[in-house]
Each structure stands twice: as C-alpha cells, then as structure tokens.
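> any chance you can model this:
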Amino acid sequence: QVQLLESGGGLVQAGDSLRLSCAASGRTFSSCAVGWFRQAPGKEREFVAGISKSGRNTSYGDFVKGRFTISRDNAKNTVTLQMNSLKPEDAAVYYCAADGTAVDIVLLRAGIYDYWGQGTQVTVST
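Sure, this is the predicted structure:
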C-alpha cells in the first residue's frame, strides 16, 4: 500500500516556475514507477511526466517540450516535478500516481496506476 500527498501548487503568472512534490508513505515506494497527470475542467486526465522506479528512465507528454523535469529521491520517498515557463494552458489539477513494477520502466497510462494522490491545483494567469 502506498499513500501519496502532492504539494507545491499555487497561482503563478505565465512564464513563472513551480515545483510540485509528491511525498509517499509505504515501504514499497522504491519499487514503484511514478507519474504526474493533470486534469483541467471539462478535459480528460492527461499524462504529464513519468519516472521509473530507479529514476533512470523518464518520459514526458508532448506538450512539455523541455519545460518540465521529473526526478525522485527514493531515500526520501519523494518525486518532484519542476515546471518552468508555465503557460495558461498548463492550469489544471496535478495528480501524482504510483504503481509497483517488476522492471524499470515508465508507465504512461493512467489506468495502470493503482495509487493516486488527492491532487494540487496549479493556476497560471496571463
């Protein structure tokens, strides 16, 4: 069992940066791939970034285009999403998700993840 808690969301201006954190409890976190997803009102949840259990493999949504960086510290049970050059269209609720994996891969689909946080709101003003 893994419990996830996101933090770091807020209101920023276009072009600003935010650093989202996902804190996990549970002794199996280092065996989990972790992903960040987002959902804006009236839109489907979409993949933002993912990282494998070791941290060696990462993947990003096409819209990220070098602006975001995902990283993890298994010793501290945390995953971080550094978001730079934020745009108004990045505004959404951002969710952290985790799931155990036998191999060191990134999980891209939301439906695969068993564990989810409550989300943190990101608002970007023009």
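> once you drop chain neighbours, what's closest to the residue nearest in space to the middle of the chain?
Against the mean C-alpha coordinate of the chain, by C-alpha atoms, centre = their mean, the closest residue is Trp36 at 2.2 Å. Leaving out its chain neighbours, the residue that sits closest to Trp36 by C-beta to C-beta, 6 or more residues apart in numbering is Val48, at 4.2 Å. All C-beta atoms are positioned from the backbone trio N, CA, C, and that covers glycine.
> which residues touch the helix or strand hosting that neighbour?
Take DSSP states H and E as the rule and Val48 turns out to sit in strand 46-51. Defining contact as C-beta atoms under 8 Å, 6 or more residues apart in numbering, one finds that strand 46-51 is touched by 33-39, 57-61, 64, 68-72, 79, 81, 94, 106-110.
> among the residues you listed, which ones are buried?
The neighbour count (16 or more other C-beta atoms under 10 Å) marks 33-38, 59-61, 64, 68, 70, 72, 79, 81, 94, 106-107, 110 as buried among the contacts of strand 46-51.
> mind checking which of those are in strands?
Among the buried ones among the contacts of strand 46-51, the members found in strands (DSSP state E) are 33-38, 59-60, 68, 70, 72, 79, 81, 94.
> got TSV for these, with pLDDT and distance to Thr126 too?
Compiled in TSV, these are given as follows (pLDDT from 0 to 100; distance: C-beta to C-beta, whole Å):
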residue	pLDDT	distance to Thr126
Ala33	98	35
Val34	98	31
Gly35	98	28
Trp36	98	23
Phe37	98	24
Arg38	98	19
Ser59	98	29
Tyr60	98	24
Phe68	98	20
Ile70	98	26
Arg72	98	32
Val79	98	29
Leu81	98	22
Tyr94	98	19
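> quick check, nearest of these to Ser52?
Distance to Ser52 across these (C-beta to C-beta) is lowest for Ala33, with 5.4 Å.
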